[in-house]
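Participant: Let me see the structure of the following:
(one chain, ligands or ions: 1)
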Amino acid sequence: MEKLVTSNDQLVYNAFSFAVAAMAISFVYYLVSRSRVSPAYRSAVTMSAMICGIAAYHYWRMFNNFADGAPWNEGYRYADWLLTVPLLLAELVVVSGVARDKAKGLTTKLAVAALLMIATGYPGETAAAGSDASMIWFVISLVFFIYILWNLFAGEVGQALKGQSGAIGSKLNNLRYILLVTWAVYPIAYLLGDNESFLAKAFDLSAGDSATLIQVGYTVADVLAKPGYGLLILGVAIARSESEGYRAA
Ligand code: RET
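Facilitator: Down below sits the predicted model:
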C-alpha cells in the first residue's frame, strides 16, 4: 500500500473503511429481520439486504482501489448505484400502500428513470473538470432526478401516500422527506467535486479538497440512503404487518 500522505487521503480512506463495515453488517441485519414482517412486506426487507450487500462489495473494491493508489475507478460507485437505486425505489413502492395492480407499472417507471439518471450522470462524472460535458450530463441526469421526486411528492406515490393517516401515514411522510434530503446530497457533491464548477469556485476549493469532498459526500449519503433508509422501510413494514394482524414469532 502506498503511504497516505495527506489528512484528506486519510479521511477518504477512513470513510470507505467505515462504509464497508456499515454495509456488511447491515446486510446481515436485514437478512435476519425478514421474519419480523408479514410475508406481504418481506420483499422490501430482502431488498434492503440486497442493497447493503451490493454496496459492501463495491465499497470493498473502492477501499482497495484507493488504498493501493491505483488509478481511480469511479465505475464501482456508478455500478453500485445502477443496481441499488432502482431497488431503493422498488422497496418504497412495496411499503407505500400503492394498489397492487398499479405497483408493478409504477416500479418499472421509477426504476427506468433511476437507471437513466445514473447512466447519464456517469459520462459527466468522468468528463474533465469544468468541461461542457460535465455540466450538460449533469443537467440531463437532473431531469430524471426531478421526475423521480415529482412522482414521490405529486405523482402516483405522492397520491397513495396522501390517502394514509395515523402512524403509518406519518412514517411514510418522514421516509420521503429523508429520501429528499439524503438524495439531494448527490448532485451537490457532484458539483463540489468538479473543481471548476460554479459551486466549487464559490467556495474557492482546491483540487484536493474537491476530490475529498465528493468521495466523503457520496459515502456519507450512501450510508444514510441505504442502511439508514432501510431502517425506516423496516419500521413501516413492521407497522403495516402489525396493523394487519401479523405477530412476529
Ligand atoms: C448524479 C449526477 C449529477 C446529477 C444527479 C445525480 C444524482 C444522483 C443520485 C444518486 C443517488 C444515489 C443513491 C444511492 C444510494 O444507495 C448521478 C450524481 C441528479 C440522486 C440514493
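Participant: For the rest of this, base every contact and every neighbour count on C-alpha atoms.
Facilitator: Will do.
Participant: Please state the offset of the helix or strand of the chain with the lowest mean pLDDT from the chain centre?
Facilitator: Sorting the helices and strands of the chain by mean pLDDT, DSSP states H and E puts helix 156-162 at the bottom, at a mean of 86. Distance of helix 156-162 from the chain centroid (C-alpha atoms, centre = their mean, to the nearest Å) equals 21 Å.
Participant: after it, next one along is what?
Facilitator: Per DSSP states H and E, the first helix or strand lying C-terminal to helix 156-162 is helix 166-193.
Participant: Quickly check: that following helix near the ligand or not.
Facilitator: Yes - applying C-alpha under 6 Å from any ligand atom, one finds helix 166-193 touching the ligand at Trp183, Tyr186, Pro187, Tyr190.
Participant: Could you name the helices and strands sitting against the least confident helix or strand of the chain?
Facilitator: Under the contact criterion of 3 or more C-alpha pairs under 8 Å, 6 or more residues apart in numbering; DSSP states H and E, helix 156-162 touches helix 75-96, helix 132-153, helix 166-193.
Participant: Adding mean pLDDT and mean neighbour count, write those out as CSV.
Facilitator: Formatted as CSV, the helices and strands packed on helix 156-162 follow (pLDDT from 0 to 100; neighbours: other C-alpha atoms under 10 Å):
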stretch, mean pLDDT, mean neighbour count
helix 75-96, 97, 21
helix 132-153, 97, 18
helix 166-193, 94, 18
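Participant: Which positions in the chain make contact with the ligand?
Facilitator: 81, 84-85, 117-118, 121, 138, 141-142, 145, 183, 186-187, 190, 222, 225-226.
Participant: hmm, back to that, so can I have CSV of the helices and strands packed on helix 156-162 showing distance to Leu110?
Facilitator: Listed next are those as CSV, based on distance: least, C-alpha to C-alpha, whole Å:
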stretch, distance to Leu110
helix 75-96, 7
helix 132-153, 6
helix 166-193, 14
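Participant: Tell me which of those approaches Phe66 most closely.
Facilitator: Of all these, helix 75-96 sits nearest to Phe66, with 11.7 Å by C-alpha to C-alpha.
Participant: Could you list every helix and strand in contact with the closest one?
Facilitator: Using 3+ C-alpha pairs under 8 Å, 6+ apart: helix 75-96 touches helix 42-68, helix 100-126, helix 156-162, helix 229-243.
Participant: The residue nearest to the spatial centre of the chain in helix, strand or coil?
Facilitator: Among the residues of the chain, Ala225 comes closest to the average C-alpha position under C-alpha atoms, centre = their mean, at 4.4 Å. Assigned with DSSP: H, G, I helix; E, B strand; the rest coil, Ala225 falls in the helix class.
Participant: Contact partners for the nearest residue to it once chain neighbours are set aside?
Facilitator: Spatially, and ignoring its direct neighbours in sequence, Ala225 is nearest to Thr182 (6.2 Å; C-alpha to C-alpha, 6 or more residues apart in numbering). Thr182 makes contact with Ala221, Leu224, Ala225 under the criterion C-alpha atoms under 8 Å, 6 or more residues apart in numbering.
Participant: just Ser210 next, same as before
Facilitator: Applying C-alpha under 8 Å, 6+ apart, the residues near Ser210 are Leu192, Gly193, Asp194, Asn195, Ala200.
Participant: With distance to Val93 as new columns, can these be given to me in TSV?
Facilitator: What follows is those, written out as TSV (distance: C-alpha to C-alpha, whole Å):
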residue	distance to Val93
Leu192	32
Gly193	32
Asp194	34
Asn195	37
Ala200	36
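Participant: coming back round to it: switch the helices and strands packed on helix 75-96 over to CSV; also include mean neighbour count and distance to Asn173.
Facilitator: As requested, the helices and strands packed on helix 75-96 are exported to CSV (neighbours: other C-alpha atoms under 10 Å; distance: least, C-alpha to C-alpha, whole Å):
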stretch, mean neighbour count, distance to Asn173
helix 42-68, 22, 17
helix 100-126, 18, 18
helix 156-162, 18, 7
helix 229-243, 20, 11
